[in-house]
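Asker: structure here, sequence nowhere to be found:
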């Protein structure tokens with residue numbers, strides 16, 4: 001059951017990160033929602049980010065059935081939004097405040113897994129309970145959760161872009177040329 005708790009805690013941490021990203025940079029998410037025909041502006045997007053962050057914090061710090069269910073519910077909503085974004089040909093999922101985070105089936109599958117694990121965590125131990133039973137105050141568990149959340153972040157953002165570049169469908173962000181800049185005009 002510790003594996004479920006660790007993955008659920010990583011999902012909560014990723015939810016917290018995504019919420020903060022929406023608060024700091026609401027534009028990509030607001031743009032995506034508007035492109036999908038949903039009402040959105042930067043104020044509403046920041047509000048969504050605040051709720052995401054709060055759920056992530058409570059799921060990590062307190063735990064229990066309601067925060068786990070809310071975390072799972074967010075990931076189900078993300079599945080719906082990402083599937084719609086893929087269908088609409090969107091270039092950004094809007095999740096992490098980055099324009100260059102393309103929606104992908106990797107993202108959909110990852111969100112489904114994080115939703116399922118969060119729902120599975122409803123009846124189990126909390127992250128705090130697992131940490132209490134470990135040596136060194138659970139620092140190993142904390143590191144595991146951080147690594148899992150980081151891997152999810154990379155899988156949702158950089159991996160789809162890298163796969164697209166490999167297939168010739170997208171140019172890696174670091175090598176995009178600004179169309180307003182003419183390299184021949186170096187004066």
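Answerer: On my side now, so go ahead. All of these numbers come straight from a predicted model, not from anything done at the bench.
Asker: quickly find the element holding residue 117.
Answerer: Assigned by DSSP states H and E, residue 117 falls within helix 105-120.
Asker: test my guess that residue 104 contacts residue 162.
Answerer: No: here residue 104 lies out of contact with residue 162, judged by C-beta atoms under 8 Å, at a distance of 10.8 Å. Using the backbone N, CA and C atoms, a C-beta is placed for each residue, glycine as well.
Asker: looking at these two, which one has more neighbours?
Answerer: Taking neighbours as other C-beta atoms under 10 Å, residue 104 and residue 162 compare with residue 104 leading, 21 against 13.
Asker: once you drop chain neighbours, what's closest to that one?
Answerer: residue 160 (3.6 Å; C-beta to C-beta, 6 or more residues apart in numbering).
Asker: give me the neighbour count for the one you found.
Answerer: Using other C-beta under 10 Å, residue 160 has 19 neighbouring residues.
Asker: which helix or which strand is home to it?
Answerer: Using DSSP H and E, the element containing residue 160 is helix 158-166.
Asker: okay, buried residues for that helix please.
Answerer: 159-161 (16 or more other C-beta atoms under 10 Å).
Asker: which strands and helices sit next to it?
Answerer: helix 105-120 (3 or more C-beta pairs under 8 Å, 6 or more residues apart in numbering; DSSP states H and E).
Asker: got a list of contacts for the helix it packs on?
Answerer: For helix 105-120, the surrounding residues in contact (C-beta atoms under 8 Å, 6 or more residues apart in numbering) are 4, 7-8, 10-12, 14, 59, 68-69, 71-73, 75-76, 78-79, 82-83, 86, 93, 95, 152, 155-156, 159-160, 163.
Asker: of the residues you listed, buried ones?
Answerer: 4, 7-8, 10-12, 14, 59, 68-69, 71-72, 75-76, 78-79, 82, 86, 93, 95, 152, 156, 159-160.
Asker: quick check: buried residues in the helix holding residue 117?
Answerer: 106-108, 110-111, 114-120.
Asker: and the angle for it with helix 158-166?
Answerer: 160 degrees (axes from the mean of the first three to the mean of the last three C-alpha atoms, to 10 degrees).
Asker: circling back to that earlier point, need the buried residues of helix 158-166 in a markdown table with distance to residue 147, can you?
Answerer: What follows is the buried residues of helix 158-166, written out as a markdown table (distance: C-beta to C-beta, whole Å):
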| residue | distance to residue 147 |
| --- | --- |
| 159 | 16 |
| 160 | 20 |
| 161 | 21 |
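Asker: of the residues you listed, which is the nearest to residue 28?
Answerer: For those, the residue nearest residue 28 by C-beta to C-beta is residue 161; the value is 14.1 Å.
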